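> below is the structure, and that's it, no one-letter string:
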């Protein structure tokens, strides 16, 4: 019997044992296609017409179907693998390498520093990933990773469903996956959200004290530097973490008698490139504030890029702050004042939450908040000895 048929037979038998769990046969019947077509849509969507893709995905959504990792393994009810789904914002370098000439001689050339150039440091998601890897290994699991960069909504849903079918639990970094798709997947395997809670969701959440950290940083700007009109550079509109950070920013202002709604909020989308463009527009328009408070370090580094290119001094002309504590911020010129969160521990805590949910599926949802630290550096304080 062909391997894929054996998988589907095992899945069908397993589905009958789990009350109400839909199988690939149910999806195929509902969509009016063969099980082979369902398999192609979920594993090789480019081989299937768009109209057929949509019929199959509609059946998947309506039946709340998730491919069975156990069926794929043809063995136990667990795969021994946990999943991590990463977003596409400043997450990975371009994977399209140019062709390499194997016969090219050794080249000697100047390599000047370029604005925005990465210096081999870790981004937020890379530290979280390492934490997941370390804890998964400690718990006896492997880790499978997928990235949402550049995917259409349909292909994103396919990628999530495919990953969910191969793993025992799934950790998702905020904004990398549609909430409704995660709710469907959560009916079959544990889902842990690396972000604050949304209204009405019942996932386990691992986050940090976003509000308290941003409030403490903003209070320092007001009390120590006399900043009364900082601009806030925000992330994606649907980010629960950014909502908490802005809440802390606003609370600090209100506590010092400043109306936060009277101050501009700029949109940087958590992206270094986008923040660089926003800052350049402020410079060109002569609208730079005395301080720019950025909701993450990547945006703060983009602001530093633009200010440096324009010959402006930090912090003498403009104070710049971030949030995360990535390595790039400790190596920038000037070094970036930031709110450091324990990124490695976030990844470890996410894996512990998945394993705990596997061992006790009926436990109440857990919302874990980890502490943060405000790090005052030269982008705010001037030369430090």
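On my side now, so go ahead. This one's a predicted model, so the numbers in the text were calculated from it and none came from an experiment.
> now residue 108, what's its secondary structure?
Per DSSP: H, G, I helix; E, B strand; the rest coil, the local secondary structure of residue 108 is coil.
> pull the residues that contact stretch 216-223.
With Cβ atoms under 8 Å, 6 or more residues apart in numbering as the test, stretch 216-223 has contacts from 227-228, 230, 248-249, 252-253, 255-256, 258, 291, 293, 319, 321, 323, 337, 339, 374, 376, 380. Yep, even glycine has a C-beta here, placed from its N, CA and C like the rest.
> buried subset of these?
227, 230, 248-249, 252-253, 258, 291, 293, 319, 321, 323, 337, 339, 374, 380 (16 or more other Cβ atoms under 10 Å).
> okay, and which of those map to helices?
248-249, 252-253, 380 (DSSP state H).
> ok, so what distance separates residue 333 from residue 327?
14 Å (Cβ to Cβ, to the nearest Å).
> run through the strands of the stretch 251-385 of the chain in chain order.
265-267, 291-294, 319-321, 338-340, 367-370, 373-375 (DSSP state E, counting those that start in this stretch).
> let me know which of those is the nearest to residue 145.
Among the strands of the stretch 251-385 of the chain, strand 367-370 comes nearest to residue 145, with 21.8 Å by Cβ to Cβ.
> adjacent strands (with direction) for that closest one?
Using DSSP bridges, the strands paired with strand 367-370 are strand 204-208 (parallel).
> which other residues reach the partner strand?
Contacts with strand 204-208, where a contact means Cβ under 8 Å, 6+ apart, come from 190-197, 240-241, 244, 341-342, 346, 349-350, 353-354, 357, 365-372.
> derive a PyMOL selection command for the buried subset of those residues.
Burial among those is assessed by 16+ other Cβ under 10 Å; the matching PyMOL selection reads:
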select buried, resi 190+191+192+193+194+195+196+240+241+244+341+342+346+349+350+353+354+357+368+372
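> of the contacts of strand 204-208, which belong to helices?
Among these, DSSP H puts 240-241, 244, 346, 349-350, 353-354, 357 in helices.
> element containing residue 202?
Assigned by DSSP states H and E, residue 202 falls within no helix or strand.
> who touches it in this structure?
So, once contact is read as Cβ under 8 Å, 6+ apart, residue 202 ends up touching 186, 365.
> show the pLDDT at it.
We have a pLDDT of 85 for residue 202.
> distance check, it against residue 382.
48 Å.
> now do the strands in the stretch 1-150 of the chain.
Using DSSP E, counting those that start in this stretch, strands in the stretch 1-150 of the chain cover 81-86, 142-147.
> between residue 333 and residue 327, tell me which one has more neighbours.
residue 327 (16 against 11; other Cβ atoms under 10 Å).
> for residue 251, see how far away the residue nearest to residue 339 when sequence neighbours are not counted is.
Nearest non-adjacent residue to residue 339, counting by Cβ to Cβ, 6 or more residues apart in numbering: residue 213, 3.9 Å away. According to Cβ to Cβ, residue 213 stands 12 Å off from residue 251.
> do residue 81 as well
42 Å.
> from the chain's centre, how far out does stretch 191-208 sit?
Taking the mean of its C-alpha atoms, stretch 191-208 sits 13 Å from the chain's own mean (Cα atoms, centre = their mean, to the nearest Å).
> for residue 100, give me the pLDDT.
You'll see residue 100 listed with a pLDDT of 61.
> same deal with residue 155?
So, for residue 155, pLDDT stands at 81.
> what does the one 5 residues further on give?
What the model reports for residue 160 is a pLDDT of 89.
> look up phi and psi at it.
phi -60, psi -50 (degrees, to the nearest 10).
> count the residues that sit near it.
There are 25 residues near residue 160, going by other Cβ under 10 Å.
> any low-confidence regions in this protein?
Filtered on pLDDT under 70, the chain yields the residue ranges 1-20, 68-77, 88-102, 107, 109-122, 149-151, 175-176, 199-200, 385.
> 50 instead?
Along the chain, segments meeting pLDDT under 50 span 1-3, 6, 10, 13, 15-17, 74-76, 89-97, 116, 118-122.
> find the centremost residue of it, please.
residue 173 (3.5 Å; Cα atoms, centre = their mean).
> that one bridge partners, please.
With DSSP bridges as the criterion, residue 173 is bridged to residue 194.
> returning to that earlier point: who has more neighbours, residue 213 and residue 251?
The neighbour comparison of residue 213 against residue 251 (other Cβ under 10 Å) goes to residue 213, with 22 against 17.
> Three-state assignment for the more buried one, please.
helix.
> what's near enough to touch the residue nearest to residue 259 when sequence neighbours are not counted?
Using Cβ to Cβ, 6+ apart and skipping the chain neighbours, the partner closest in space to residue 259 is residue 253 (7.3 Å). Residues in contact with residue 253, defined by Cβ under 8 Å, 6+ apart, are 218, 222, 230, 259-260, 263.
> quick check, nearest of those residues to residue 142?
Closest approach between those and residue 142, by Cβ to Cβ: residue 218, at 41.9 Å.
> and the closest one, how far from residue 304?
For residue 218 relative to residue 304 (Cβ to Cβ), the value is 19 Å.
> the residue nearest to residue 339 reaches residue 370, doesn't it?
No: using Cβ atoms under 8 Å, residue 213 is not in contact with residue 370; the gap is 10.5 Å.
> spit out the contact partners of the residue nearest to residue 212 when sequence neighbours are not counted.
Spatially, and ignoring its direct neighbours in sequence, residue 212 is nearest to residue 248 (6.3 Å; Cβ to Cβ, 6+ apart). By Cβ under 8 Å, 6+ apart, the contact list for residue 248 reads 210-216, 218.
> got a list of what residue 303 touches?
If you count contacts by Cβ under 8 Å, 6+ apart, residue 303 has them with 233, 275-276, 278-279, 292, 294, 320.
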